[in-house]
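Trainee: generate a structure from the sequence data that follows.
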Amino acid sequence: MEQMNFSNLKPGAHIAPFFILNAELQKDRLREMVIECSEAGFDAIILHPRPGLRTPYLSNAWFAAVEFCISEARELGLKVWLYDEYPWPSGAAGGRVIQRNADFAEKHLAIKRYSLKGGGLVRQVLGENPVLEAFLSPLPESAKTPWSNARVVTSSVGMRNTTWITRNWDSRGYYQLKYAPKYECRRAMEYLPEQVFEDELPEGDWELITFTVNVGSDFLEPFGNYVDLSSRAATDAFLEETHEQYRRRFERLFGSDILGIFTDEPKYRDALPWSKSISEAWTDYQRDPRALLALLPEAEAGELRKRYRQLTTSLYSENWIVPIRDWCRKEKLAFIGHISPEEDWWGECCFAGSILRHLRHFSVPGCDLIIPAVGDRAHSVLNFTPSMAVSAAAQAGASHALCEVFACSNYSLDLQTIKRVADWLMFFGINFIVPHACFYSLAGPRRFDAPPTFLLPSTMHPFLAQWSAYIRETAESLGPRRPVDVALVRPMSYLFGVSEDRRGEVSCLFEQAMKVAEHLLEQGLTFHWVDDSDLSAAQVRDGSLLVGHAAYRLLIVWSVHLPSEAAEMLTTHAIPTLSPAEALALKGPLVCQDGDVRATRDAKGRWFCINLSPEPRRFKINDMEAFLDGYESRWIDSSALPSAAQTHLKLAGDWDVIAPEENTCRLTNWTCDGVPRPVGQAYHTLMNDPIAVKTVYGPVPKNPALLNERRLVYETSIIWEGALKPVSLCLE
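Mentor: Numbers count the residues shown, from 1 in each chain. Okay, here's the model as predicted:
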């Protein structure tokens, strides 16, 4: 998997709020906003047009305001990110893409069903939308309709008009009066066409099912209908309307003052997307139109539905995400942002396919958190959001993972909450924080546009510089590149084939995954997500499964839903796996009776511990007792604790090597005097003192002394490949 790192983004934390442009843009106010963002300690701003904008979007006046913001930011040492839409979701350029070509509008399938009585000529009115396909089948008295016996009756569907309009008419519409006298006539015409099924049906009960192609989703975006994400032509039009306009004006600043472009929530707007691209690429449908019947809510044709879902998600990736990613790469810009819904497996399958796989194309994979809460037991679903963004970043080799956060938190949001939420995000590995938002104007309804604001008159603003400095210091060693041993394998291949009637099964799997994730976190075991489709192509090295740039030594798998090729790969390479039920019995280094403490290790071996509760909590980390006040976070450096007993080392034979970090090897398979034993303290065999002191390793004699002089020999073995270099041995 290609590494998506972006060199112009400095290591460590990055804080870049949405810089909301939502009124008539004036230089004095823009300068004031940039100054306040600098005073808040932010690293950059994301120029985001929102409802209320009165400077015409993508006009010369708009680009003049953008240029002024960039200039002011440069003066104060801030970088700039562009936002690719007005307002959101990305792809329509504020409606200009569809204005360019109406056929670029999003389309989807709608299903209707009719019960018919046979025994002669049957006529059924179907509505105004053109029918893509129609099917007819006998309707049994019980059980589900056997759609394998359905016949295609699309040719029995036609259009007719039934609504008369009568009005006065004269000849002036054809001939000017100076050339011909006026002739009057009363005229009538039928309008409002409707689709009608008509055919001779034998005696019996029948069911007619129609698939129509509807334009636009059930609701309008602020700019009207959304765009067809499966259409490469629509994407090219979007790039021309937005990205290319920025390039023509600011190319000289790309990669320096302007770091990249943020894309926001692109996805299909309906569960059954349809387009010319989908129709032509779905080979099942091209062979037999009855493939559409696999999309019925009760249909059992899982493989057909799975191929439909795989196709829609691949077209979304190939025709929307990849072209925009490639454009950004070519212009030396980072491609950042997020896709939704991130915390709903059913919605993800229907509206995006696999968000995890899509995010690996991003320079900075991201997520969204729109309530002021964290993933405690009352909000376990929130754990899915940052963990997926960090998983994608780690697997893509990206140095950063972002979260758009604090929208819809209202004006009651306080400093304690923004610290607590940031602690929780950094715990997962989020190191690019996008506060929502810094508003140009709060006039009128603007003040209710997903508040709060982080600019004055916010009472938080005077303290934000301290908050920013804290995040920068804390997240420095907590990014997505930290090793994580455990991966949860999402059963996406199975979910792609699940019908609407079995949606409850998806909910059960999702809730089980939520419980497993919560349990792992309460045990101090951080994790990543991988898709089951990742397994068959994954590599194995030193007993670890490699998914892109990330390695996992233990997988938690829904085995019953695992594709056969993936199961075969795991068996062949003897990758350790646990079922979700077995995972719920896993024990980790963290013990907290209330389940409110989270702990994760950074690259230096320190534990970052946070308390999600407002109440004080006692806990143990690696058997060391610790305490956190309500909502407190703290680093615990176990390397500063007393070391184990001194022992004599001898090397021989084979050496099993694990590399926990760069230039470091951890030796395993030790023996002590010929008996297999992990390296560690041996006080209970060496010392005798009734007075003990508690340590992370357990009770230690206050006045240690050997009962009898004794020599302990720990042995392991090594094979060294390549040139011999100086080696330091350290026994912890």
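Trainee: what helix or strand is residue 97 located in?
Mentor: helix 96-100 (DSSP states H and E).
Trainee: dump that helix to PDB, restricted to CA.
Mentor: Coordinates of the C-alpha atoms in helix 96-100 are reproduced here as PDB (Å, rounded to 0.1, in the frame of the first residue of the first chain):
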ATOM      1  CA  ARG A  96     -22.500  24.700 -10.300                       C
ATOM      2  CA  VAL A  97     -21.700  21.100 -11.400                       C
ATOM      3  CA  ILE A  98     -25.400  20.300 -12.000                       C
ATOM      4  CA  GLN A  99     -26.000  23.700 -13.600                       C
ATOM      5  CA  ARG A 100     -23.300  22.700 -16.100                       C
END
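Trainee: and that helix, how far out from the chain middle?
Mentor: Distance of helix 96-100 from the chain centroid (Cα atoms, centre = their mean, to the nearest Å) equals 28 Å.
Trainee: ok, then the element right after that helix?
Mentor: strand 107-117.
Trainee: what comes into contact with the helix or strand that that next one is followed by?
Mentor: Beyond strand 107-117 in the direction of the C-terminus, DSSP H and E gives the next helix or strand as strand 120-127. Under the criterion Cβ atoms under 8 Å, 6 or more residues apart in numbering, residues 112, 114, 116, 134, 157, 194-201, 206, 208, 210, 212 lie in contact with strand 120-127. Placement of C-beta: from N, CA and C, glycine included.
Trainee: put the buried members of these into a ChimeraX selection.
Mentor: Selecting only the buried entries of the contacts of strand 120-127 in ChimeraX, with 16 or more other Cβ atoms under 10 Å as the criterion:
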select :114,116,134,157,195,196,197,199,201,206,208,210,212
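Trainee: among the contacts of strand 120-127, which are in strands?
Mentor: Within the contacts of strand 120-127, residues falling in strands by DSSP state E are 112, 114, 116, 134, 157, 194-201, 206, 208, 210, 212.
Trainee: would you list every one of the strands in the stretch 301-450 of the chain?
Mentor: With strands called from DSSP state E, counting those that start in this stretch, the stretch 301-450 of the chain shows them at 334-338, 364-369, 402-405, 432-435, 438-439.
Trainee: out of those, which is closest to residue 634?
Mentor: Closest of those to residue 634 is strand 432-435, at 20.1 Å (criterion: Cβ to Cβ).
Trainee: and the residue nearest to residue 241 when sequence neighbours are not counted, what pLDDT?
Mentor: With sequence-adjacent residues excluded and distances taken as Cβ to Cβ, 6 or more residues apart in numbering, residue 241 is closest to residue 93, at 3.9 Å. pLDDT, residue 93: 97.
Trainee: same question, residue 711
Mentor: Residue 711 is given a pLDDT of 63.
Trainee: grab the nearest non-local neighbour of residue 482.
Mentor: Per Cβ to Cβ, 6+ apart, closest to residue 482 is residue 603, 5.9 Å.
Trainee: could you look up the SS state of that neighbour?
Mentor: Secondary structure, DSSP: H, G, I helix; E, B strand; the rest coil: residue 603 is coil.
Trainee: isn't it right up against residue 484?
Mentor: No: here residue 603 does not reach residue 484: they are 12.0 Å apart, not a contact under Cβ atoms under 8 Å.
Trainee: neighbour count winner among the two?
Mentor: residue 484 (22 against 15; other Cβ atoms under 10 Å).
Trainee: look up how far residue 547 lies from that one.
Mentor: To residue 547, residue 484 is 11 Å away according to Cβ to Cβ, to the nearest Å.
Trainee: for residue 116, which non-adjacent residue is closest in space?
Mentor: residue 206 (4.3 Å).
Trainee: need the pLDDT of the one you found.
Mentor: In this model, residue 206 carries a pLDDT of 95.
Trainee: where does pLDDT dip in the stretch 101-250 of the chain?
Mentor: The model of the stretch 101-250 of the chain has pLDDT under 70 over residues 140-148.
Trainee: mind doing that once more with 50?
Mentor: 142-143, 145 (pLDDT under 50).
Trainee: pretty sure residue 634 sits against residue 628.
Mentor: Yes: between residue 634 and residue 628 there is a contact under Cβ under 8 Å: 6.2 Å.
Trainee: if you count what's nearby, which of the two comes out ahead?
Mentor: residue 628 (23 against 14).
Trainee: what is the more buried one paired to in the beta sheet?
Mentor: On the basis of DSSP bridges, residue 628 is bridged to residue 617.
Trainee: one step back: quick one: the residue nearest to residue 116 from residue 117, how far?
Mentor: From residue 206 to residue 117 the distance is 8 Å (Cβ to Cβ).
Trainee: do the same with residue 393
Mentor: Distance from residue 393 to residue 117, by Cβ to Cβ: 59 Å.
Trainee: what about the two, which has more around it?
Mentor: residue 393 (34 against 12).
Trainee: check what pLDDT the more buried one gets.
Mentor: If you check residue 393, the pLDDT there is 97.
Trainee: check residue 646 too.
Mentor: Looking at residue 646, the pLDDT reads 32.
Trainee: can you check residue 13 too?
Mentor: At residue 13, pLDDT is 95.
Trainee: lovely, talk soon.
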